[in-house]
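Trainee: Sequence and predicted structure are below.
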Amino acid sequence: MSTTVLTGVCPECETDLTTPPIVPGETLSCPECLLTLRVDDIDDGRLRLRMVEVTLRDWGQ
Ligand SMILES: [Zn+2]
């Protein structure tokens, strides 16, 4: 079994990211540029990340 961390690069600011094991479809935030990134695929422990367009909303109540 694999308990290693996953690594990836932010497509926006090219910061190296490490995450605990996650699955494709999950999202995370880049700690550097705070962009929301979605995991497109995981290739041999490397994350393929895609920017997610996030519309900031007032969620109201
Ligand atoms: Zn970034």
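Mentor: Yes, it's here.
Trainee: pLDDT weak spots in the protein?
Mentor: 1-3, 54, 56, 61 (pLDDT under 70).
Trainee: how about the residues of it that lie near the ion?
Mentor: Proximity of the chain to the ion, by C-beta under 5 Å from the ion, involves residues 10, 12-13, 15, 30, 32-33. For every residue, glycine as well, the C-beta is placed using N, CA and C.
Trainee: Include secondary structure, neighbour count and distance to residue 49 when you put the residues you listed into CSV, please.
Mentor: Shown next, in CSV, are those (DSSP: H, G, I helix; E, B strand; the rest coil; neighbours: other C-beta atoms under 10 Å; distance: C-beta to C-beta, whole Å):
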residue, secondary structure, neighbour count, distance to residue 49
10, coil, 20, 7
12, coil, 14, 9
13, coil, 12, 11
15, coil, 13, 11
30, coil, 20, 8
32, coil, 13, 13
33, coil, 14, 12
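Trainee: Residue 40 contacts residue 52, doesn't it?
Mentor: No - at 10.4 Å, residue 40 does not count as touching residue 52 under the criterion of C-beta atoms under 8 Å.
Trainee: Please name the bridge partners of residue 43.
Mentor: residue 46 (DSSP bridges).
Trainee: Can you tell me how far it is from the ion?
Mentor: 19 Å (C-beta to the ion, to the nearest Å).
Trainee: swap in residue 60?
Mentor: Per C-beta to the ion, residue 60 is found 29 Å from the ion.
Trainee: Likewise for residue 55?
Mentor: Noted for residue 55: a distance of 19 Å to the ion, by C-beta to the ion.
Trainee: Look at that residue and say how many residues are nearby.
Mentor: Neighbour count for residue 55, taken as other C-beta atoms under 10 Å: 4.
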